[in-house]
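Trainee: Attaching a predicted model along with its sequence, questions to come.
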Amino acid sequence: MNEKIYQIFKGIIDNDLLEDIKTNPELYLDKKL
């Protein structure tokens, strides 16, 4: 995959994760453990 495209998608995914962490941190921590 094109590295630039990968970085853009990674940024979008990271932003979504950050929103999830803000709204429901317990759920995110449960997923990670």
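Mentor: Cool, got the structure. Numbers count the residues shown, from 1 in each chain.

Trainee: use CA for all of it now, contacts and neighbours both
Mentor: OK.

Trainee: Tell me the helices and strands packed up against the helix or strand where residue 13 lies.
Mentor: Secondary-structure element containing residue 13, defined by DSSP states H and E: helix 3-23. In terms of contact count using 3 or more CA pairs under 8 Å, 6 or more residues apart in numbering; DSSP states H and E, helix 3-23 is assigned the packing partners helix 25-32.

Trainee: burial of residue 17, as a residue count?
Mentor: Applying other CA atoms under 10 Å, we find 14 residues neighbouring residue 17.

Trainee: Over to residue 25?
Mentor: Residues lying near residue 25 (other CA under 10 Å) number 14.

Trainee: pLDDT wise, what is it at?
Mentor: The model reports residue 25 with a pLDDT of 80.

Trainee: so what's it up against?
Mentor: Going by CA atoms under 8 Å, 6 or more residues apart in numbering, residue 25 touches no other residue.

Trainee: so where is this protein shaky, pLDDT-wise?
Mentor: Residues of the chain that meet the criterion pLDDT under 70 lie in 1, 28, 31-33.

Trainee: Now with 90, please.
Mentor: Within the chain, the segments meeting pLDDT under 90 span 1-2, 5-33.

Trainee: Quick one: neighbours of residue 10, just the number.
Mentor: Number of residues near residue 10 (other CA under 10 Å) recorded here: 12.

Trainee: Likewise for residue 5?
Mentor: Residue 5 has 10 neighbouring residues, counting by other CA under 10 Å.
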